[in-house]
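Q: heads up, no residue letters with this:
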């Protein structure tokens, strides 16, 4: 098959398909990390060609739920999200027989359509949790290949004690995911500060009975726990800041 891997510069997905004998090429605004067929530029320049399959990883910065509060609170131009949605729509509407588009939970589901498939790494033998949505065209849904049981700690390998996901490496072609937790003491203009990771409900595991977000730290529903979330952070004196696509709270160290 002739396959276009859009929004990927790592070469990971491209090389996996090439190893299976397919004619795959990656495309991104950045150069490829490893040698291989790669188009550095706008993917629209390639969509006019004939492809058997399109696999796309559009940047989630202005689409994912974890960052939408910046737009809702008027601290980010909403046109950025509109442009990102238009880009997603151009990929999903491409004249290609088979299409798979990946993104985390976000406004694609509410503004375009709900995903055809939702999966986690732990369903395929990897001890991490990351809600991954797939929008498909003429492709089967993924089925679990090796379901792992959650560790006795109550959290997956990529989750810290507060249940937040901040250790999982980026998806192919993405640079939004943080690779390490930035919580802890820091300085700003020479003043000692404390920084914490702000936990959003969508990042937490769901209750097996009712589906409500479940806090593994306080062992109760997220709505009843003491975790600092986007809705109560400023009330508690935290100044919100976005780093590496995730939300943090920062405030002076208590005297």
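A: Received, thanks. Not measured: the values here are computed from a predicted model. Residues are numbered from 1 along each chain as shown.

Q: what sits against the spatially closest residue to residue 187 that is not a sequence neighbour?
A: The spatially closest residue to residue 187, leaving aside those adjacent along the chain, is residue 193, at 6.3 Å (Cβ to Cβ, 6 or more residues apart in numbering). (C-beta placed from N, C-alpha, C; glycine too.) Residue 193 sits next to 185-187, 250-253 when contact means Cβ atoms under 8 Å, 6 or more residues apart in numbering.

Q: Show the backbone phi and psi for residue 193.
A: Dihedral pair for residue 193: phi -130, psi 160, per degrees, to the nearest 10.

Q: Now do stretch 223-237: distance to the chain's middle.
A: 22 Å (Cα atoms, centre = their mean, to the nearest Å).

Q: what does stretch 94-109 give?
A: Offset of stretch 94-109 from its chain centre (Cα atoms, centre = their mean): 13 Å.

Q: Run through who's touching it.
A: Applying Cβ under 8 Å, 6+ apart, the external contacts of stretch 94-109 come out as 4, 47, 51-58, 60, 63-66, 68, 81, 85, 88, 91-92, 115, 130-139, 171, 202.

Q: Buried members of those residues into PyMOL, please.
A: Of these, the buried ones go into a single PyMOL selection, burial set by 16 or more other Cβ atoms under 10 Å:
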select buried, resi 4+47+51+53+54+55+56+57+58+60+63+64+65+66+68+81+85+88+91+92+115+130+131+132+133+134+135+136+137+139+171+202
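
Q: Residue 144 contacts residue 124, doesn't it?
A: Yes - using Cβ atoms under 8 Å, residue 144 is in contact with residue 124, at 6.7 Å.

Q: helix, strand or coil for residue 15?
A: Judged by DSSP: H, G, I helix; E, B strand; the rest coil, the three-state class of residue 15 is helix.
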